[in-house]
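Chemist: how would this look folded up:
(one chain, ligands or ions: 1)
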Amino acid sequence: MRMPTTTHCDILIVGGGLVGCATAWHLSRLGFKVLLAERGHLNSGASGQNAGSLHFQIERRFLEQGEKAAADGARIVSLNRLAIEEWKGIEEMLGRPLDVAMHGGLMVAETEAEMDLLAFKVARENELGLPTRVLNGTQLHHKAPALSPNLAGAAWLEDEGHANPRILVDAFADGARGQGAVVQTGTALAGLSMQRDRTYRATLQGLDGEVTANTPRVLLAAGHWVPRLAGLLGLNVPLYPAPLMMSVTDRTEPVLPYLIQHVGRRLSMKQTEDGNLLIGGGWPSRLAKRADGTPDLDRPAIVELANLRANLEVAARVMPGLAERSLLRTWTGTTCISADQLPIVGEVAAAPGLFVAAGGSLFTLGPVLARLLARTIAEGATPEELTMFTPRRFAHLDAFAVLP
Ligand SMILES: Cc1cc2nc3c(=O)[nH]c(=O)nc-3n(C[C@H](O)[C@H](O)[C@H](O)COP(=O)(O)OP(=O)(O)OC[C@H]3O[C@@H](n4cnc5c(N)ncnc54)[C@H](O)[C@@H]3O)c2cc1C
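Modeler: Predicted coordinates:
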């Protein structure tokens, strides 16, 4: 559909990944006139490239950075508990199958030191109401015979699992359209300014030319491009690109009903509905570079062979049968992390009406964060569960911003 050259909406959402489309779904359901602009096609960013893990145990990336980071990571547990409920109801909410499989998750350990770390983590999670428990090597082998008998043990959480990242975003986008949202692909936010009356004027560039959108609210849900877009207003959002890799094997009979992670090494593993084994866990790939040597965020990242080998070695050590499988494909995707590793979600202090939502494990957390963010936008008050993610914790970075 061709858009008029000037348009008005209650909210402009920039980015057609999981966060943008899920928030569009909730806000259109609440009666908001939503315009979502995606510069490429829907799900073309991290939301379509990820591992599809639904992990609710405290992530290894928090545990490996010492006690302060582990304490920060623990703060996310209350949100993880809400996310479990969100995922349990998501297929019914969106009215279609999304390959959600929540048969449980194991975070494995190979050494006694890693078992100690698991015990520390599980104690903290239990205090916060997450019912993880430690399994010793024998119990683990009994539960997951496809894993190596040499593993020392694991932390078990019954509700972990995975879902299909290739179909979720379309489900939210189709639902949002059905509720009246305009979802415009091939349309990039190219300019953004705040007017004297504190509304926003956005320039959108698409195949049909340029459109000006006037709106009281803008949500930047553009993943690792959020800092660039906030920069259009002279604002600073401390998110940093994290290029990663994923691999998939050929199909095999069902051997792995659980999500597998590793407390001491980067590893995630799962078996899809079709029988393929997906292997990842946060091994870095390499950002492409422009001719002048600066990172090029607009081109796919490049597979880092040494890391691919290391990823597969850990995977095969944890699940020896993997050595018999063929690798079908390895791909890269770029996500982003914030300065304190927690997502940044909410209204920007220096720019009322401007919201951001990005950073962290937003496949697992995207649906619940979108629900909470939509409430924040609709009610003008931040729900308790979102307060720790507020962009206000970085407000000092905008001390020199010049806005009307
Ligand atoms: C390899 C990999 C594995 C991962 N595994 C997991 C996992 O197992 N579990 C988990 O919870 N998380 C995982 N993640 C993280 C997760 O994928 C992301 O946190 C999540 O998808 C972010 O969604 P998003 O909507 O914020 O961003 P994206 O999906 O990146 O969407 C942003 C969109 O904004 C668009 N855009 C950018 N600039 C503009 C512009 N100027 N105008 C209009 N549109 C624009 C882009 O084209 C893109 O479509 C993984 C990430 C990667 C890369």
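
Chemist: Show me the helices in the stretch 1-150 of the chain, by range?
Modeler: Taking DSSP state H, counting those that start in this stretch, the helices of the stretch 1-150 of the chain run over residues 18-29, 60-63, 66-75, 77-94, 112-127, 137-143.

Chemist: Arrange those helices in JSON lines, one row each, with mean pLDDT, mean neighbour count and distance to the ligand as further columns.
Modeler: C-beta here means a position set from N, CA and C on the backbone, and glycine is covered the same way. Shown next, in JSON lines, are these (pLDDT from 0 to 100; neighbours: other CB atoms under 10 Å; distance: least, CB to the nearest ligand atom, whole Å):
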{"stretch": "helix 18-29", "mean pLDDT": "98", "mean neighbour count": "29", "distance to the ligand": "4"}
{"stretch": "helix 60-63", "mean pLDDT": "85", "mean neighbour count": "20", "distance to the ligand": "11"}
{"stretch": "helix 66-75", "mean pLDDT": "76", "mean neighbour count": "14", "distance to the ligand": "14"}
{"stretch": "helix 77-94", "mean pLDDT": "97", "mean neighbour count": "18", "distance to the ligand": "9"}
{"stretch": "helix 112-127", "mean pLDDT": "94", "mean neighbour count": "17", "distance to the ligand": "17"}
{"stretch": "helix 137-143", "mean pLDDT": "98", "mean neighbour count": "16", "distance to the ligand": "21"}
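
Chemist: who wins for proximity to Pro295 among those helices?
Modeler: When the helices of the stretch 1-150 of the chain are compared by CB to CB, helix 60-63 sits nearest Pro295, at 20.8 Å.

Chemist: now what about the closest one, what contacts it?
Modeler: For helix 60-63, the surrounding residues in contact (CB atoms under 8 Å, 6 or more residues apart in numbering) are 69-70, 72-74, 107, 117, 121, 261-264, 266, 282, 341.

Chemist: Just the closest residue of the stretch 101-250 of the chain to the ligand, please.
Modeler: Distances from the stretch 101-250 of the chain to the ligand, computed as CB to the nearest ligand atom, single out Gly223 as the nearest residue at 2.7 Å.

Chemist: Please, which helix or strand holds the closest residue to Pro300 other than its chain neighbours?
Modeler: Spatial nearest neighbour of Pro300, excluding adjacent residues (CB to CB, 6 or more residues apart in numbering): Thr332 at 5.7 Å. According to DSSP states H and E, Thr332 maps onto strand 327-338.

Chemist: Do I have it right that Leu397 meets Gly231?
Modeler: No - Leu397 is beyond contact range of Gly231, at 11.7 Å (criterion: CB atoms under 8 Å).

Chemist: Same drill for the two, tell me which one is more crowded.
Modeler: Using other CB atoms under 10 Å as the criterion, Leu397 and Gly231 rank with Leu397 on top: 16 against 12.

Chemist: part of a helix, is the more buried one?
Modeler: Yes - Leu397: assigned to a helix according to DSSP: H, G, I helix; E, B strand; the rest coil.

Chemist: Show me which residues of the stretch 301-404 of the chain sit near the ligand.
Modeler: Counting by CB under 6 Å from any ligand atom, the residues of the stretch 301-404 of the chain close to the ligand are Gly333, Thr334, Thr335, Ala358, Ser361, Leu362, Phe363, Thr364, Gly366.

Chemist: In space, what's closest to the fourth one - neighbours in sequence excluded?
Modeler: So that's Ala358. Nearest non-adjacent residue to Ala358, counting by CB to CB, 6+ apart: Val226, 4.6 Å away.

Chemist: Kindly report the same for the second one.
Modeler: In space, Thr334 comes closest to Pro243 once its chain neighbours are excluded; the distance is 4.6 Å by CB to CB, 6+ apart.

Chemist: was I right about that neighbour contacting Trp331?
Modeler: No - contact criterion CB under 8 Å: Pro243 and Trp331 do not qualify, at 11.2 Å.

Chemist: what about those two, which has more around it?
Modeler: Shown here are Pro243 and Trp331; by other CB under 10 Å, Pro243 has more neighbours (23 against 15).

Chemist: and the more buried one, what does it touch?
Modeler: Counting by CB under 8 Å, 6+ apart, Pro243 has contacts Pro284, Ser285, Arg286, Leu287, Ala301, Thr332, Gly333, Thr334.

Chemist: buried subset of those?
Modeler: Among these, those buried by neighbour count (16 or more other CB atoms under 10 Å) are Ser285, Leu287, Ala301, Thr332, Gly333, Thr334.

Chemist: List the contacts of the first one.
Modeler: Taking CB under 8 Å, 6+ apart, we find Ser285 in contact with Pro243, Leu244, Met245, Ala301, Ile302, Val303, Glu304, Asn307, Thr332.
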